[in-house]
Structure formats: C-alpha cells, structure tokens
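Chemist: quick one, structure for this:
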Amino acid sequence: MFLGTHTPRLDDKGRLALPARFRPDLEGGLVITKGQERCLFVFPVVEFTRLTDAMQTAPGADRRLRNYSRVFFASASQEVPDGQGRITIPQALRQYAGLEKDCVVIGANTRVEIWDSATWQEFLDGAEQDFSDAEVEVAPGFF
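Modeler: Sure, this is the predicted structure:
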C-alpha cells in the first residue's frame, strides 16, 4: 500500500527520486503510464500484471475500453529504479503530465501518482471540497 505526499524534483536528465518508503515495493521493476487528470500512474510490475489480466476479461466490444486500453498500454514504460532509487520518466510522459522541475508524488493505495506540483495544487483545491462534502457512499463499505 502506498501512502503519503512527497515533493521530489525532476533532474535535468528526466530522473525522479522515488520516496524512500516506496522503494522496496518498486525496486524489482515498475510501469509508468498516463493517468487521469494529467498525472502519471506508477505501478509495481505485479499490480500492473493484475490490471492487465482484469482488462483481458472485460468485454472487448466496448469501444471506450478499447480506446482506454490503447492509450494506457501504448504510453506505458517499464522501468527499474537505479541504485539511488531514481527512475527516468520518458519525455512523452513528462510532456503529458507537464513535468518540469517541481513534482508531487502521492501514494494512492496500490499505485503511485506523479503530478506537476501546480497541477496537483489545482486538483487538490477542488477535490478537497468534494471530499469534505461527500454525503453518500463513494466506495462500497467505506462509510
């Protein structure tokens, strides 16, 4: 489980140091891909494989699933952190997420998300109010 908010910086070579507490679960390899709201999703290989298996059992006739799957897998990049816990984020993914220097890395349960810090703050400004105003069950069994 990935938890917390961290603020690493992207270096000039497009590398990002993963938070120390995330490294043990990602040191064997990870997959970076496009996420919603212009962030990047980072999955341990095991979790990415589980998602891949789940997508294979979904109905292939659904055009939305085919389109989502195309973008999700075509933008995916398999990486292995270096000895200092850094990963190189491919240029196309940096461009998609608007990553330049200041980043926010959040734990999002079974995945890690990488955000441009300004984009994260904009998202958070709206999402915190939605979170505070939640009056109905947003996840089964949560409330």
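
Chemist: average pLDDT across the lengthiest helix in the chain?
Modeler: Secondary structure of the chain read by DSSP state H shows that its longest helix is helix 117-133. The average pLDDT within helix 117-133 is 89.

Chemist: name the surrounding residues that touch it.
Modeler: For helix 117-133, the external contacting residues (C-beta atoms under 8 Å, 6 or more residues apart in numbering) are 7, 37-39, 97-98, 102-104, 106, 115. For glycine as for every other residue, the C-beta is placed from the backbone atoms N, C-alpha and C.

Chemist: give me the residues contacting stretch 88-97.
Modeler: By C-beta under 8 Å, 6+ apart, the list of residues contacting stretch 88-97 reads 10, 13-16, 32-34, 38-40, 75, 77, 79, 99-100, 114-116, 119.

Chemist: switch the cut-off to 10 Å
Modeler: Outside stretch 88-97, the residues that touch it by C-beta atoms under 10 Å, 6 or more residues apart in numbering are 10-11, 13-16, 32-35, 37-42, 71, 74-77, 79-82, 99-100, 103, 113-116, 119.
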